[in-house]
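**Student:** Mind looking at a prediction? Sequence and model below.
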Amino acid sequence: MPELPEVEVVARTLAPEIEGKTITDCDIYWPRIINYPDDKEEFKTLIKGQTFGRIRRTGKYLRIEVGEHYELVVHFRMTGKFQMIKPEEREQKHLHLFFHLEKEEEGLAYIDVRKFGDIFLVPKGEYQQIKGLYHAGIDPLSDAFTLEALQERLSSRKRHIKALLLDQSVFTGLGNYICDEVLWFDGEQGVHPQRLSHTLTPREQEGIYRRILEVIQHSITLGGNSFRDFTYGEGVKGEFKRMLKLYARKGEPCFNCGTPIERIIVGGRSTHYCPNCQRL
Ligand SMILES: [Zn+2]
């Protein structure tokens with residue numbers, strides 16, 4: 001599933017392709033991919049003749065301005081992706097939406113093998129009505145994400161740190177692999193995923209803050225080079241794997257101390273950690 005860094009890369013990659021381009025028509029092949037409005041003809045009417053504007057990201061949601069009054073809000077879920085294709089390439093499986101762009105050889109296609117993606121066309125400023133954005137926490141790439149904000153949220157709650165970091169109403173966009181990675185510190189004692197959040201020392205809080213920014217920025221940099229078709233593609237996996245210290249490395253030696261990485265379940269999610277570098 002695409003996480004915050006992947007969606008951020010999609011936003012950055014897609015912007016030069018569609019910003020300022022006018023939608024002349026929209027083909028809908030799988031109407032149920034559109035969550036809102038219910039009336040798909042209304043979706044078409046609202047979007048036809050409008051221009052794609054600024055692209056933003058909130059958590060794992062992509063938000064694309066449509067004309068002055070609307071925005072297209074997209075959650076890719078498992079397999080959704082945007083791709084620029086020529087109109088004659090529309091005869092492909094899993095193509096659910098196609099936006100024709102004025103004076104462009106290619107249009108914007110939404111492709112989704114498993115059809116779990118969510119697409120909304122909502123009046124601007126009303127995206128927070130969407131379930132999932134309603135109680136969205138602080139985005140780690142926003143100005144609101146400060147060390148103080150993180151410390152406040154950690155010390156006021158008594159929960160396993162991993163589960164707290166995964167809670168989208170506390171911080172939005174931190175997915176499973178990021179939450180594992182940020183608890184492992186390079187060259188020093190990290191934090192066990194089951195530590196209670198309010199017991200963390202200032203050193204540990206600062207370490208988690210630093211690692212969140214590090215892992216996200218690093219992922220974005222890698223993604224910027226390797227993401228094709230605006231999605232989390234196969235090409236990125238090699239480079240990406242080298243960056244990851246824990247994820248999918250069960251039984252492999254810790255990069256700090258050589259102890260085999262262990263896997264446990266925390267908050268219902270598969271969790272990797274080093275039993276020596278992240279002691280309870
Ligand atoms: Zn270790």
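**Tutor:** That came through fine. Residues are numbered from 1 along each chain as shown.

**Student:** So residue 254 sits against residue 272, correct?
**Tutor:** No - under the criterion of Cβ atoms under 8 Å, residue 254 is not in contact with residue 272, lying 10.2 Å apart. Glycine gets a C-beta too; all of them are placed from N, C-alpha and C.

**Student:** Looking at these two, which one has more neighbours?
**Tutor:** The residue with more neighbours, out of residue 254 and residue 272, is residue 272; 24 against 21, by other Cβ atoms under 10 Å.

**Student:** The more buried one reaches residue 244, doesn't it?
**Tutor:** No - under the criterion of Cβ under 8 Å, residue 272 makes no contact with residue 244, lying 9.1 Å away.

**Student:** Distance of the nearest residue to residue 188 once chain neighbours are set aside relative to residue 184?
**Tutor:** Nearest residue to residue 188 in three dimensions, chain neighbours excluded: residue 207, at 7.5 Å (Cβ to Cβ, 6 or more residues apart in numbering). As judged by Cβ to Cβ, to the nearest Å, residue 207 and residue 184 stand 9 Å apart.

**Student:** and what of residue 24?
**Tutor:** According to Cβ to Cβ, residue 24 stands 50 Å off from residue 184.

**Student:** what's the answer for residue 206, then?
**Tutor:** Residue 206 is 15 Å from residue 184, by Cβ to Cβ.

**Student:** These two: which is more packed in?
**Tutor:** residue 184 (26 against 14).

**Student:** In space, what's closest to the more buried one - neighbours in sequence excluded?
**Tutor:** residue 190 is the one closest to residue 184 (Cβ to Cβ, 6+ apart), at 4.6 Å.

**Student:** List the contacts of the one you found.
**Tutor:** By Cβ atoms under 8 Å, 6 or more residues apart in numbering, residue 190 lies in contact with 183, 184, 207, 273, 274, 277, 278.

**Student:** In JSON lines, list these along with secondary structure, pLDDT and distance to residue 90.
**Tutor:** Shown next, in JSON lines, are those (DSSP: H, G, I helix; E, B strand; the rest coil; pLDDT from 0 to 100; distance: Cβ to Cβ, whole Å):
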{"residue": "183", "secondary structure": "coil", "pLDDT": "97", "distance to residue 90": "45"}
{"residue": "184", "secondary structure": "coil", "pLDDT": "98", "distance to residue 90": "45"}
{"residue": "207", "secondary structure": "helix", "pLDDT": "98", "distance to residue 90": "49"}
{"residue": "273", "secondary structure": "strand", "pLDDT": "97", "distance to residue 90": "46"}
{"residue": "274", "secondary structure": "coil", "pLDDT": "98", "distance to residue 90": "49"}
{"residue": "277", "secondary structure": "coil", "pLDDT": "97", "distance to residue 90": "51"}
{"residue": "278", "secondary structure": "coil", "pLDDT": "98", "distance to residue 90": "50"}
